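1. got a predicted structure plus its sequence, pasted below:
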Amino acid sequence: MKKILTLAGIVLSSLMVKAQLTADLIIRNGKIYDGTGNSWYYGDVAVKDGKIIKTGYITDIRASRTIDAKGLLVAPGFIDVHGHIEGGIITTPTANNYIFDGVTTVVTGNCGGSADNIGSFLQEVNKIRPSINVASLIGHNTVRAQVMNRDNRKPTAQEQQKMDALVDQAMKEGAVGLSTGLIYIPGTFAETEEVISLAKAAAKNKGVYASHIRNEENQAVEAVNEAINIGKEANIPVQISHFKIGGRSNWGKSDVTLNLVKEARENGWDVTIDQYPYTASSTNLGIRLPDWAFAGGNDSLKARLNNPVIRAEIKKEMLAQLAGYKFKNYSYAVVANYPSDTSMNGKNISEINKLMGRKAKPRYEAETIMDMVEKGGAQMVYNSMNELDVKNIMKYPFSMFGADAGVPVPGRGMPHPRGYGTNARVLGKYVRDEKVITMEDAIRRMTSLAAQKFGLSDRGLLLPNYAADIVIFSESEVNDMATFLKPHAYSKGFKYVIVNGELVVENEKHLGTKSGKALYGPAYLIN
């Protein structure tokens, strides 16, 4: 009887071991960059039930599927820290532009604009099951508009309390932090104290403060200092969005703004930045007009533009801004999408001004801009930065990457190519070809640094018990294909993309797999 029991125990133990040594997928023979920033190594990665279960040289696990990654790089899925995908991810859940760029997670809700209701938005994400994971910030502009519309004034004590409460609620519903867009309406009307109060509401819920700062050109130093000060006053980690220095008059000054970030970190403040690897930015045409022109909404704007005295004052400030940037005209401003007349897409303001029969002088171009804004405005691409500054910012070790994009409709408009090629451009142009940063460091910033900053505790590393978000790509083939003239082009070189353990891209073809999900912030997980 004892022998029978012993034999049964051995059989049972053997079956248990056998059950433990199976996986859904093993990636073999890859050149592994684990996301830590440590040197690469050759090895394997085993995946089961959406999680990584083992890395290294694997001989004791069998899998139902194997990918031979010989000659390819294996890394954690990239985390894009600066997205605007609220609408696009619902209508186009396959998110091809991100997936083909190696992105498996996007943090949306940036620049002060987010879904009105974070809880409902994240529920909708889980309902549609997109191909990527989605985390969201709560936007200051969104919150302010709910309480104060587009009013250009300080909030009352009661209004401030309402806004604070909305941020607190959004954090408990799953937001990972608070974002501001202090050049956009109505955020531009907010004083620093208002933002500090909201940031405190995010801080008590363990969130971050991500800011499109108040100025990225002539007053960039003051704007960076404001973001750092908000972080100090609210005791909250700071992320300065799409860190740049714009305007010809400011080229070469990235050292000055970077030193502010470095100094803050040396003094114990958690301040980090992100960027997109291009010398052109993209935002709306309205930012060329003074902020006060938009107070009260579109009807108020149109009334001002149709008042000759006020219109003249608006133009005066526009031309002063242009002169401050040391640009001779508005040819640096290119239309990405002008809904009122899509034939203007891809043309710069100087060209459009000429088509309207106006003289080739800045004061007439300013009139053209005001006319376009009155007709609904346009999404623009601004060629306002310098390549040396882009590289200098990229060298900073606590700088991440973000496409600052949505989920575009292929063929619609002339959007900034960053929406398709940000990561591939970094890995191809700046790592492989120009050696501005190393592959190890680029991947660290795209993965573990981003996950750490935004509280995505189970992402960003190729280690056991981490989510199986994995990219497998060719170092020699990875390239951004999107250009300013032909922006609708997917990146090349990403052979396989895995999201939560499921294969989404195989041999550079999207399988239609939708294995992504909503990722929730610390306050939601606690509550």
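-> Received the coordinates, thanks. Numbers count the residues shown, from 1 in each chain.

2. okay, now the unreliable bits of the chain?
-> Along the chain, the parts satisfying pLDDT under 70 run over 1-20, 525-527.

3. middle-most residue in it, spatially?
-> Per CA atoms, centre = their mean, the C-alpha nearest to the average position across the chain is that of residue 82, at 1.3 Å.

4. and the gap between the nearest residue to that residue once chain neighbours are set aside and residue 81?
-> Nearest residue to residue 82 in three dimensions, chain neighbours excluded: residue 402, at 2.7 Å (CB to CB, 6 or more residues apart in numbering). Heads up, the C-betas are built off the backbone N, CA and C, glycines and all. For residue 402, the distance to residue 81 equals 5 Å [CB to CB, to the nearest Å].

5. overlap in contacts, those two.
-> Each of 107, 274 lies in contact with both residue 402 and residue 81 under the rule CB atoms under 8 Å, 6 or more residues apart in numbering.

6. so if I had to pick from these two, which one is more boxed in?
-> residue 81 (33 against 27; other CB atoms under 10 Å).

7. send the alpha carbons of the strand or helix carrying residue 55 over as CSV?
-> For residue 55, the enclosing helix or strand under DSSP states H and E is strand 51-56. C-alpha atoms of strand 51-56 as CSV (Å, rounded to 0.1, in the frame of the first residue of the first chain):
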residue,chain,number,x,y,z
LYS,A,51,2.5,37.1,-18.9
ILE,A,52,6.3,36.5,-19.3
ILE,A,53,7.1,33.4,-17.3
LYS,A,54,10.8,33.1,-18.1
THR,A,55,13.7,34.7,-19.9
GLY,A,56,17.2,33.6,-20.7
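
8. so which residues of the stretch 151-300 of the chain form strands?
-> Per DSSP state E, counting those that start in this stretch, the stretch 151-300 of the chain carries strands over the ranges 177-181, 208-212, 238-240, 271-275, 281-284.

9. and of these, who's closest to residue 496?
-> Among the strands of the stretch 151-300 of the chain, the nearest to residue 496 by CB to CB is strand 271-275 (25.7 Å).

10. packing partners of the closest one?
-> helix 220-234, strand 238-240, helix 254-266, helix 387-394, strand 399-401 (3 or more CB pairs under 8 Å, 6 or more residues apart in numbering; DSSP states H and E).

11. for the closest residue to residue 250 other than its chain neighbours, grab the count of nearby residues.
-> Take residue 250 and drop its neighbours on the chain: the residue closest to it by CB to CB, 6+ apart is residue 217, 5.8 Å away. Neighbour count of residue 217, defined by other CB under 10 Å: 20.

12. who are the contact partners of residue 217?
-> Counting by CB under 8 Å, 6+ apart, residue 217 makes contact with 245, 246, 247, 249, 250, 324, 325, 384.

13. how about residue 145?
-> Going by CB under 8 Å, 6+ apart, residue 145 touches residue 186.

14. tell me the buried residues in the helix or strand hosting it?
-> Using DSSP H and E, residue 145 sits in helix 140-148. Using 16 or more other CB atoms under 10 Å as the test for burial, helix 140-148 gives 140, 141, 142, 143, 144, 145, 147, 148.

15. for these, give me TSV that also has distance to residue 303.
-> As requested, these are exported to TSV (distance: CB to CB, whole Å):
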residue	distance to residue 303
140	27
141	22
142	25
143	27
144	22
145	20
147	24
148	20
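
16. of these, closest to residue 104?
-> In terms of CB to CB, no member of those lies closer to residue 104 than residue 142, at 25.8 Å.

17. relative to the whole chain's centre, how far out is stretch 335-354?
-> 26 Å (CA atoms, centre = their mean, to the nearest Å).

18. can you name the residues in contact with that stretch?
-> Applying CB under 8 Å, 6+ apart, the external contacts of stretch 335-354 come out as 282, 285, 329-334, 355, 360, 364-365, 368-369, 372, 375-376, 378-381, 412-416, 485.

19. out of the residues you listed, which are buried?
-> Buried by 16+ other CB under 10 Å: 282, 285, 329-330, 332-334, 364-365, 368-369, 372, 378-381, 413-416, out of the contacts of stretch 335-354.

20. out of those residues, which sit inside strands?
-> Per DSSP state E, strands hold the following members of the buried ones among the contacts of stretch 335-354: 282, 333, 334, 379, 380, 381.

21. hmm, the second one is touching residue 380, no?
-> Yes: the pair residue 333 / residue 380 is scored as a contact, 5.5 Å apart, by CB atoms under 8 Å.

22. common neighbours of these two, please.
-> With contacts defined as CB under 8 Å, 6+ apart, the residues shared by residue 333 and residue 380 are residue 285.

23. turn the helices and strands packed on strand 271-275 into a markdown table, columns for mean neighbour count.
-> As requested, the helices and strands packed on strand 271-275 are exported to a markdown table (neighbours: other CB atoms under 10 Å):
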| stretch | mean neighbour count |
| --- | --- |
| helix 220-234 | 20 |
| strand 238-240 | 27 |
| helix 254-266 | 17 |
| helix 387-394 | 18 |
| strand 399-401 | 24 |
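
24. which one, of those, ends up nearest to residue 297?
-> Evaluated with CB to CB, the helices and strands packed on strand 271-275 place helix 220-234 nearest to residue 297, the distance being 25.5 Å.

25. next one: the residue nearest to the centre of the chain from residue 286, what distance?
-> 20 Å.

26. same check on residue 212?
-> Distance of residue 212 to residue 286, given as CB to CB: 14 Å.

27. ok, residue 515 next?
-> Residue 515 is 38 Å from residue 286, by CB to CB.

28. show me what contacts the residue lying closest to residue 276 once chain neighbours are set aside?
-> Using CB to CB, 6+ apart and skipping residues adjacent in sequence, the residue nearest residue 276 is residue 418, 4.5 Å away. Residue 418 makes contacts with 276, 277, 278, 282, 403, 404, 405, 482, as judged by CB under 8 Å, 6+ apart.

29. change it to 6 Å
-> 276, 278, 403, 405 (CB atoms under 6 Å, 6 or more residues apart in numbering).

30. what count of nearby residues applies to the first one?
-> A total of 27 residues lie near residue 276 under the criterion other CB under 10 Å.

31. residue 79 is in contact with residue 448, isn't it?
-> No: counting by CB atoms under 6 Å, residue 79 stays clear of residue 448, with 8.8 Å between them.

32. which one's more surrounded, the two?
-> Neighbour count, other CB under 10 Å: between residue 79 and residue 448, residue 79 has more, with 32 against 23.

33. roughly how far does the closest residue to the more buried one other than its chain neighbours sit from residue 444?
-> Nearest non-adjacent residue to residue 79, counting by CB to CB, 6+ apart: residue 450, 3.8 Å away. Residue 450 sits 9 Å away from residue 444, going by CB to CB.

34. nice, that's everything, thank you.
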